[in-house]
Every structure is written in structure tokens, then in C-alpha cells.
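Peer 1: With the sequence up front, the predicted model follows.
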Amino acid sequence: MLKIPPPIIAAVVALCMWLLSRHLPLFSFPYQWFNYPGYLLIVAGLSLDLIAAIQFHRAKTTINPLRPENSSSVVTTGLYRFTRNPMYLGMLTALFGFAFLLKSLSGFLALPVFVLLINQLQIIPEEKTLTQLFGDSYQEYLNKVRRWL
């Protein structure tokens, strides 16, 4: 069912961002200060990923996105009170930072592609599996907490 690890999807999107910025730059931002928000967003995104992974570890449930059927519990505390997918949000945040480092509007245009791919290839299948595993309690969580933000 789930065959492509989300970090691979993020890496492919990052490569596409770089290629677009390099070969089809729509508008360039030559300012060196664009690096600062870029680095800040990358650190923030990686921090979201790390904190979310720690929360999974503490809950003693699987972090493997290819095997949601191995989940032993639904994490609904910490970051998971605000977003159902802080790890994917972290990846998107890091990609947003990378777009700043590329200093071209072209890089930003690939960000919706990441959201679309993660939604279709990962999140929707995960949600179906977790609904089957945890039933009404997971459905209540779906109704209460937004997918992204």
C-alpha cells in the first residue's frame, strides 16, 4: 500500500525545486539576507520532525510511515494537539526554508506539489488504516485536529 517513504518524496521535491530555480528561474532574489529565514525555517522544520518522533517513541508506537498498521496508539498530545501530521509539516517547513536559500520564486512553486503528494500517497492511506485500527476514537481525533494546521 504505502511504498515511498515521505523523506524520499521531500528529497525529490527538493531536487525539483533546485532544478526549477537553476534552469527556469521566474524571479530571483539576489539578496544574501534571504539565507537567514531559510536556515531558520530548515531548523524549525527539522525540530518539528524530531519532537514529533520523540513523542511517538514515548508513546511506544511505530514511526515507520510505511507500516501504519503497526501503530499501537494514537498520539494526541504535544504537537499532535495542533496538527495530525507534525512530521510532514516539519518536512514542508524545511522545504520552505530551502526555497528561500534557492533565492528564486520557482523553488516556492514546488511546495504545493509536496503537499499534494504527501496527502495522496501518505496521509489519506494512513488515515484509512488508523480509522480501521482505532475506530471512533481516531475519528473523533480527525474531527477535532486539522490535517496540517
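Peer 2: Received, thanks. Numbers count the residues shown, from 1 in each chain.
Peer 1: use CA for all of it now, contacts and neighbours both
Peer 2: Noted.
Peer 1: what's around residue 72, how many residues?
Peer 2: Close neighbours of residue 72, defined as other Cα atoms under 10 Å, add up to 14.
Peer 1: Tell me the spacing between the residue nearest the centre of the chain and residue 118.
Peer 2: With distances taken as Cα atoms, centre = their mean, the residue of the chain nearest its centroid is residue 88 (1.7 Å). Distance of residue 88 to residue 118, computed by Cα to Cα, to the nearest Å: 8 Å.
Peer 1: Need the residues touching each of these two.
Peer 2: residue 6 (Cα atoms under 8 Å, 6 or more residues apart in numbering).
Peer 1: quick revisit: which residues sit in contact with the residue nearest to the centre of the chain?
Peer 2: So residue 88 contacts 6, 49, 118 (Cα under 8 Å, 6+ apart).
Peer 1: Looking at the residues you listed, which are in helices?
Peer 2: Members of these lying in helices (criterion: DSSP state H): 6, 49, 118.
Peer 1: Quickly note the distance from the second one to residue 8.
Peer 2: Okay, so that is residue 49. Going from residue 49 to residue 8 by Cα to Cα gives 15 Å.
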